[in-house]
Each structure stands twice: as C-alpha cells, then as structure tokens.
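>>> Below are the sequence and a predicted model; questions follow.
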Amino acid sequence: VVTVLSACSHVSQRYSPSATNVEQIRESAKDSSAKISVDQFTATEKGKKSIVCRAEGAISAPDNKSFDEFIRDAITDEFRVAGVYDAKSLAKLQGNLDYIDFSSNIGSGKWVMKMTFKAENVEPFLVENTYEFSTNFIANIACEQVAQALAPATQDLIKKLVQHPSFKKFAMQKTSTAAN
C-alpha cells in the first residue's frame, strides 16, 4: 500500500507599485536632483523562499524569489516609477529582512515584516509593519488569501519606509551618479 501526501503551494501575485508610495517618494526627493540605487539586500534567514501555511502547503513569492529579493525588487520598482532610480547612483539603499512571517488565524490573518535599512549619512533604521487581512475557515482558501496579501503587505512596508524620517533625510541628499 502506497500513501501519497500532497500539499498545495500558494504563490503571491507579482508586485505592482502603489500610487501613494510613488507620490510619497517623489515628495521626499523633490528638493534633490540625486537619484537612488537599491543595493544589496540580505536576510536574517538567508534565502528564505517560502513559509508553511497550516498543513496546506507553502506560501512563496513569485518567480522563485526569496522574500528579501521580492521586497528589494518591489522597492526598486517603486523608485523607478517615481523617477528617482538610477542603478549607478552613489546614493545606495541597503536592507536586511530581519523577520517575516504570517498568521492565517480564522478571520484575522496578518503578515509581519521587520527590516533594517542602511544608507549613507543616516544611522541604520528599523521599519516594522503588520498588515492585517481577512482569512477563511477553510485552509486552502485561507492560505491563498495569505499568498495574495503578500504584495499589499509589501506595499504597506514600503509606505512606512518612505515615511520614515531617516529615509526622507537620505532621499534629500545631493549625491552624484558614479562615472561610467
């Protein structure tokens, strides 16, 4: 007798920049002609690509990205749309994903993210976000709701990043682009 156990995998949607975040980024950088690059991102749990949801399966970011890669790419997308991104800029934002997890409790799910950011001329600063959303009683549905909440939870994290006084100080610097 062979018993086969299978679990579903739930993949988040791809990230789309938030109009609110883009406007906040533009506002933060309005008095600066400098562009920003997004440098290395790391994670306390290096390479973490999924988190198990109930006994249902794993929640993961799209395109087989680790969570820190997903967040780094999301921030880069926000900067691009806001018109402040330049990969060659000497004004580099670095980040470490200190913690990421979720809860899929019946009726009240949440993503919890904590990141430490570093940039030139500002002390390292912590950004924490708890994004709450509704979940279902049925595990398969609840875990899909968790997966679909990753992108808006990331938008919310970035909103807190760009509203942070240290980010605003960093974004207002007048740093040049590296020579080719």
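Now that the structure is in, tell me what you want to look at. Numbering: from 1, shown residues only.
>>> The helix or strand harbouring D156 packs against which elements?
In the assignment (DSSP states H and E), D156 maps to helix 139-163. In terms of contacts (3 or more Cβ pairs under 8 Å, 6 or more residues apart in numbering; DSSP states H and E), helix 139-163 is packed against strand 8-11, helix 19-28, strand 50-53, strand 57-60, helix 67-82, strand 109-119, strand 122-133, helix 165-171. The C-beta positions use only the backbone N, C-alpha and C, and glycine is treated the same way.
>>> Please work out which of those is packed deepest.
helix 67-82 (a mean of 22; mean count of other Cβ atoms under 10 Å).
>>> Please produce a markdown table containing the helices and strands packed on helix 139-163, extended by distance to A91 and mean pLDDT.
A markdown table is the format used below for the helices and strands packed on helix 139-163 (distance: least, Cβ to Cβ, whole Å; pLDDT from 0 to 100):
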| stretch | distance to A91 | mean pLDDT |
| --- | --- | --- |
| strand 8-11 | 33 | 82 |
| helix 19-28 | 12 | 94 |
| strand 50-53 | 33 | 94 |
| strand 57-60 | 31 | 93 |
| helix 67-82 | 11 | 97 |
| strand 109-119 | 7 | 97 |
| strand 122-133 | 11 | 97 |
| helix 165-171 | 7 | 92 |
